[in-house]
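A.B. asks: Sharing a model prediction with you, sequence too.
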Amino acid sequence: MVNKTLLLFLIILLGFVSCVERPDFDQLDDLRVTPTIESSILYVESPEDLLNKSTDSIFYSQNFSFDGFSEDVFADRVLEGVISYELENTTSKELEIIIGFLDENGSLLDVEKFHMDPAPTIPLKRDVEYGGGSGKSLEIIKNTSSIGFNITNMGDHTSISNLPDPKIIFRSSGKFRMRIR
Amino acid sequence: MRLILVFLLVYLSICAQLSAQNKQLLYDFTDIPDALMVNPGMLTDFEWYVGLPIISGVSVQAGSNAITVHDLFAADGLDFNDKVMDRMIYKLDENDHLSSTNQITLFNGGFRGRNLNDFYSFGIYSETDGIGYYFKDYAILAIEGDSIQSPRSFNLNHLNTRAEMVNVFHFGINRKIDKKLTVGARAKIYSSVLNFTSTENKGHFITTEGERNLVANTLDADLEVKTSGLNNIVDAWENDRSQLPGIVARRMFFGGDLGFGADFGFTYHLNKKTVITGSILDLGFVYNSTDVKNYTLKGSATIEGIEAILPVAPSDADKDYWQVLVDDINEMVPYSTNNDSYITFRPTKLYGSLRYNFGKPIPSRRGYDCKDYVREGRGYDSYNNALGGQLYVVNRPKGPQAALTAFYLHRFGNAMAIKTTYTVDKFSYSNIGVGLNLQAGPVNLYLMADNLLAYNNLADSHYASFQFGLNIISWGKK
């Protein structure tokens, strides 16, 4: 009886014996976390009657502070990206729109120019790549602290488009791949 | 950083359903006095017992349902990123969780009262209990990001977690009502060391095409993280770690948040050999009022970048458009802190069992004398075999979780008893456990382990638990 009990006890003890196959935690060094974030940047809209009220050829000029790109959390982690522009001109005016990327000292880093014919015209769409080998320098984005925005009226100051609610509309967004790890 | 990442990955990898508190091996193991802690109404024949401090009644449990450490970190030559994506990020869902309960008995004991039908037990134990559901949408947002090409509403209620450390002072009464029925109750005072609760979050984050601009980011958040006792500990950890033991010890012994609770249980003989039992544990709460700091993020905002709509927004060289945008977001979705007290309820557990005894009767070791028999009548004997089923339910933030256990118990006289269990729950169909109770004179030693089939490689195990205890027991003079 004692031997049987002892044998059973030993079998049970064996049941408690466990093994651990050694994990390789160094694989963690291979982990890549690179999400893509997407957000709007700037939206500007103006009706045609306002264009007609201005006698200057540069109808609108504004420097928009935009520190989002130069914040460490973004600038230190951005890998590549695309800025998308979409312009819609339903006015009777020929327009030129200039976007300037400025650093914190106001120095110009990069420029995008858009020429819009008078309505009727299809919306102008443009994607500008940064980084990723074929794009513009990513440093432009990383150092941008403000965006200069100019609308130049290259047409007259009296005509009215026959389209309903004539406007110039500027839309823009950014899509960037970030390195979280 | 690396350590944190390892922890997070291991945490995510073992995001688990787990029958964490399920002490199915200990439940109704009437040879072991510690079983009173899971059913204060169990059958007792001890005259008195005392558990050896610290090493009596130690239980550690952890586990996973969907993935193991081995799945991610095995040296199998597979791409680690593929393993993380396929086996964790996209495989787990928000109902998977990691939970763990550890108990260490500081001291415990029990004695039979003047009325021999009454048995009193008392003690102090420290319990750490935590649960964290897999924050799936947060993980996918971090891995993939957001995109209008494949818009997805990220559900913010996937942040669902709570953790606490309490010291429990308890006193229980076990009374044999008659030959058939034994009942018990236990009063508990909780002295909470720390609490961390974030279980009622709501809201979503989504990126879509904008109404005016190209992209709209919408955040609708109602998030709250409540903490109590954490700030002093974190401060001490960062500034003067020598203060930590004092802070923890003070809060363990009534210097922190207090709460009250109770356990109830019963054992009823349907006939000579068939027994039903049941218990409900930790019906209680803690009032968190000291060192409280709560964090909230509540509000709703849709952002389409900086906007200038003429003529409403004329040229203004001095306007800081970026800061205005940031301020607008902060105003619409304010982040704030407060020190409001709050109540947390303990994770209540429910046990039930049906047991059929058979085989050779084993007389009680209790030192009955003739007067006892005259007063009480002869009680039911134990048998060397018992077979039955048990039910376990625990209340969790996302609802109750249940486990079903079949067991067989065999006694080798009064010196040794073995209980084997087969437990099925939502996530495991192969959980076999063994509990061994040894009685050498007055010395009682027990060892219990779960999920033995997985012990050939613990790193590949979804679940593991271990319990042991050492008691000195007396059955009175024969």
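C.D. replies: Received it, and whenever you're ready, just let me know what you need. Numbers count the residues shown, from 1 in each chain, chains lettered A, B, ... in the order given.

A.B. asks: check contacts around residue 178.
C.D. replies: Let's take chain A. A:T34, A:P35, A:T36, A:I37, A:F74, A:R77, A:V78, A:L79, B:G145 (CB atoms under 8 Å, 6 or more residues apart in numbering or on different chains). The way it works is simple: take the backbone N, C-alpha and C, and place the C-beta from them, glycine included.

A.B. asks: per-residue pLDDT, the nearest residue to the fourth one once chain neighbours are set aside?
C.D. replies: Across the structure, with CB to CB, 6 or more residues apart in numbering or on different chains as the measure, the residue nearest A:I37 apart from its sequence neighbours is B:G145 (4.8 Å). The predicted structure scores B:G145 at 91 on the pLDDT scale.

A.B. asks: which other helices and strands contact the helix or strand containing B:F260?
C.D. replies: Secondary structure assignment for B:F260, by DSSP states H and E: strand B:257-269. For strand B:257-269, the packing partners by 3 or more CB pairs under 8 Å, 6 or more residues apart in numbering or on different chains; DSSP states H and E come out as strand B:161-176, strand B:181-198, strand B:274-288.

A.B. asks: Export those as TSV, with columns for mean neighbour count, mean pLDDT and distance to chain A.
C.D. replies: What follows is those, written out as TSV (neighbours: other CB atoms under 10 Å in any protein chain shown; pLDDT from 0 to 100; distance: least, CB to the nearest CB, whole Å):
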stretch	mean neighbour count	mean pLDDT	distance to chain A
strand B:161-176	21	95	21
strand B:181-198	21	96	22
strand B:274-288	20	96	25
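
A.B. asks: Determine which of those approaches A:I168 most closely.
C.D. replies: A:I168 sits nearest to strand B:181-198 of all the helices and strands packed on strand B:257-269, at 47.4 Å, using CB to CB.

A.B. asks: hmm, whatever helix or strand comes next after that closest one in reach of chain A?
C.D. replies: Beyond strand B:181-198 in the direction of the C-terminus, DSSP H and E gives the next helix or strand as strand B:202-209. Yes: remark: strand B:202-209 sits within contact range of chain A at B:T207, by CB under 8 Å from any CB of the partner chain.

A.B. asks: could you say what helices and strands strand B:202-209 packs with?
C.D. replies: If you count contacts as 3+ CB pairs under 8 Å, 6+ apart, strand B:202-209 packs onto strand B:154-155, strand B:215-228.

A.B. asks: remind me which residues of chain B are low pLDDT?
C.D. replies: Residue ranges of chain B with pLDDT under 70: B:1-21, B:56-57, B:61-67, B:314-315, B:366-380, B:427, B:454-464, B:477-478.

A.B. asks: For B:L404, find the nearest of the helices and strands packed on strand B:202-209.
C.D. replies: strand B:154-155 (31.0 Å).

A.B. asks: so which helix or strand takes in B:P311?
C.D. replies: Per DSSP H and E, there is no helix or strand for B:P311.

A.B. asks: which residue does the stretch 251-400 of chain B bring closest to chain A?
C.D. replies: B:G305 (3.3 Å; CB to the nearest CB).

A.B. asks: element containing the residue nearest to that residue when sequence neighbours are not counted?
C.D. replies: Of all residues not flanking B:G305 in the chain, A:S40 sits nearest, at 3.3 Å (CB to CB, 6+ apart). Element membership of A:S40, judged by DSSP H and E, is strand A:36-47.

A.B. asks: helices and strands around that strand, which ones?
C.D. replies: strand A:58-65, strand A:146-153, strand A:167-178, strand B:215-228, strand B:306-309.

A.B. asks: Which stretch among these is buried most, on average?
C.D. replies: Highest mean neighbour count among those (mean count of other CB atoms under 10 Å in any protein chain shown): strand A:167-178, with a mean of 22.

A.B. asks: Just the CA trace of it, in PDB.
C.D. replies: C-alpha atoms of strand A:167-178 as PDB (Å, rounded to 0.1, in the frame of the first residue of the first chain):
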ATOM      1  CA  LYS A 167     -16.400  81.200 -55.500                       C
ATOM      2  CA  ILE A 168     -12.800  80.300 -55.300                       C
ATOM      3  CA  ILE A 169     -12.200  77.400 -53.000                       C
ATOM      4  CA  PHE A 170      -8.800  76.100 -51.900                       C
ATOM      5  CA  ARG A 171      -8.700  72.700 -50.100                       C
ATOM      6  CA  SER A 172      -5.600  70.800 -48.800                       C
ATOM      7  CA  SER A 173      -4.800  67.800 -46.700                       C
ATOM      8  CA  GLY A 174      -1.800  65.800 -45.600                       C
ATOM      9  CA  LYS A 175      -1.200  62.100 -45.400                       C
ATOM     10  CA  PHE A 176       2.000  61.100 -43.600                       C
ATOM     11  CA  ARG A 177       3.500  57.800 -42.600                       C
ATOM     12  CA  MET A 178       5.000  58.000 -39.100                       C
END
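
A.B. asks: Could you report the neighbour count for residue 129?
C.D. replies: Picked chain A for this. Neighbour count of A:E129, defined by other CB atoms under 10 Å in any protein chain shown: 14.

A.B. asks: that's the wrong chain, I meant chain B
C.D. replies: 19.

A.B. asks: That one is in contact with B:T161, isn't it?
C.D. replies: No: if you go by CB atoms under 8 Å, B:D129 and B:T161 don't touch, sitting 11.9 Å apart.

A.B. asks: sorry, back to before: could you report the separation of the residue nearest to A:I37 from B:D118?
C.D. replies: Applying CB to CB, to the nearest Å, the value for B:G145 to B:D118 is 65 Å.

A.B. asks: Neighbour count for these two, which is higher?
C.D. replies: More crowded of B:G145 and B:D118, by other CB under 10 Å: B:G145, with 19 against 15.

A.B. asks: in terms of contact, does the more buried one touch A:E38 like I think?
C.D. replies: Yes: judged on CB under 8 Å, B:G145 makes contact with A:E38 at a distance of 7.3 Å.

A.B. asks: still on that earlier bit, parallel or antiparallel, list what pairs with the strand holding B:F260.
C.D. replies: Its sheet considered, strand B:257-269 pairs with strand B:181-198 (antiparallel), strand B:274-288 (antiparallel) by DSSP bridges.
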